[in-house]
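In: take a look and give me a structure for this.
(one chain, ligands or ions: 1)
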Amino acid sequence: MFDLVLRRANLPDGRFAIDIGISGGRIAAVEKALAASGGREIDATGRLVSPAFVDPHFHMDATLSLGLPRLNRSGTLLEGIALWGELKPLLTVEGLVERALRYCDLAVGRGLLSIRSHVDTSDPRLLTVEALLHVRERVRPYIDLQLVAFPQDGYLRVPGAVDSLKRALDMGVDIVGGIPHFERTMEEGAASVRALCAIAAERGLPIDLHCDESDDPLSRHVETLAAESTRLGLGARATGSHCTSMHSMDNYYASKLIPLIAESGINVVANPLINITLQGRHDTYPRRRGLTRIAELRAAGVNVALGQDCVMDPWYGLGGADMLDVANMAVHAAPMTSREAIKWSFDGVTNTPAKTMGLEGYGLKVGAFADMVVLQAADPIEAVRMRATRLVVVRRGKVIASTPERVASLHLDGRPPRVDPAEYAPQEGGK
Ligand SMILES: [Zn+2]
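Out: All right, here's what the predicted structure looks like:
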């Protein structure tokens, strides 16, 4: 007897008609035709059941602030930065908490149950840190929230930033952040990477830097991050986020850099929704896409994950906690349209970011936490194609969100009365 059984599910690895038995908040069985029954049973026949989605790169202190104190009319990074500067003095802990909790509600409905959020530590009052630490505890029953101390205005560039970052870590922020390409000079950028890596090593913390979010091919701070991570043994505890300058780098240099990144064991996070809109903005034509080299990094064995970065904040007015939207954009923007690569994009919002975040007990296997999503799609590629509806979201064995199937009723003579977009999966060699 299980607490919950999901029946006849398709799994991301291609197995089908699999039953998943859940007991005590963990997965107790993954097999065909499970004999024992569940206190509650969910029919998942032909539906993809996936581990819950994971967002390895987000800014929860800014989310849903679009319109405060005014809208970003031009949609440019510069107006976004100006807006955040106008908003910062007006922020309150209560407002930050309320927006973050509302965002988490949206995330749960979309099956997004693990989030790594950067938290701006530039304002020495650290209201953002206070608010997000509170939110981390509030949402713990349903979302794993990791926080990164992020000196958004620069670590060495702004007086007081070194002290603010230290205080944020002392208050309980989980991860060391930074923004080397925003320091005054290349030398100071590299110095900030070295200083921040030293802090991570000393405190035994992960490090996750906004690294080379630039179209400047000479922005090479990921090189220093990889080298320092190797020297200090940080390995998979270290992450380079964005790394968009790699897009514009000379191929010869990239051919030296990518093996260096692979050797170091650091993770790379690409943020396709944001970087396809923010990069290449100084170009006329041709226009660069400005995503990091996902395919080459993967081929070298680097753990690459896809992040969301922003939802309805001063920098990005769109988005909606939908990691399938992120995967879909990666496929288009990279571009990477082989069947293997599209399928990988689903991994890029589930398994690979779980590795980046060091999540324990993740995945659809016996002994793992029972955190999963039933999707209105037959397989991962179909889920990415349709940004499939999350029919049921399960956390620790309990249903915490559900959404009705998205089907259209047709009122056309001679055509079917009901259209389910999930019934359009390709049948290779079929009639
Ligand atoms: Zn970011």
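In: residue 45: neighbour count?
Out: By other CB atoms under 10 Å, 10 other residues sit near residue 45. Bear in mind the C-beta positions are built from the backbone N, C-alpha and C, glycine included.
In: let's verify residue 137: helix, strand, or coil?
Out: helix (DSSP: H, G, I helix; E, B strand; the rest coil).
In: and the residue lying closest to residue 346 once chain neighbours are set aside, how many neighbours does it have?
Out: Leaving aside its chain neighbours, residue 346 sits nearest to residue 380 (3.5 Å; criterion: CB to CB, 6 or more residues apart in numbering). Residue 380 has 27 neighbours, counted by other CB under 10 Å.
In: let me see the backbone angles for residue 380.
Out: With angles defined as degrees, to the nearest 10, residue 380 sits at phi -60, psi -40.
In: got a pLDDT number for it?
Out: On the pLDDT scale, residue 380 is placed at 98.
In: correct me if wrong: it contacts residue 51.
Out: No. Using CB atoms under 8 Å, residue 380 is not in contact with residue 51; the gap is 11.4 Å.
In: follow-up on the earlier one: state the distance from the residue nearest to residue 346 to residue 197.
Out: 35 Å (CB to CB, to the nearest Å).
In: just residue 108 next, same as before
Out: The value you get for residue 108 to residue 197, if CB to CB is used, is 34 Å.
In: try residue 57
Out: For residue 57, the distance to residue 197 - CB to CB - is 19 Å.
In: same deal with residue 11?
Out: 38 Å.
In: between those two, tell me which one has more neighbours.
Out: Neighbour count, other CB under 10 Å: between residue 11 and residue 197, residue 197 has more, with 23 against 18.
In: what about residue 28, is that helix, strand or coil?
Out: Going by three-state DSSP: residue 28 is strand.
In: in the lowest-mean-pLDDT helix or strand in the chain, which residues are buried?
Out: When each helix and strand of the chain is scored by mean pLDDT, DSSP states H and E, helix 77-87 comes last, with a mean of 87. For helix 77-87, the neighbour count (16 or more other CB atoms under 10 Å) marks 77, 79-80, 83-84, 87 as buried.
In: cool, and stretch 296-305?
Out: Neighbour-count burial for stretch 296-305 [16+ other CB under 10 Å]: 296-298, 300, 302-305.
In: I'd like to know which of those are part of helices.
Out: Using DSSP state H, the members of the buried residues of stretch 296-305 that fall in helices are 296-298.
In: between the residues you listed, which is nearest residue 268?
Out: For residue 268, the nearest member of those is residue 297. The distance, counting by CB to CB, is 5.5 Å.
In: wait, the closest one touches residue 257, no?
Out: No. Using CB under 8 Å as the test, residue 297 is too far from residue 257 to be in contact (9.9 Å).
In: just the helices in the stretch 151-300 of the chain please.
Out: Listed in chain order, the helices of the stretch 151-300 of the chain (DSSP state H, counting those that start in this stretch) span 161-171, 186-203, 221-232, 245-248, 251-264, 272-278, 294-299.
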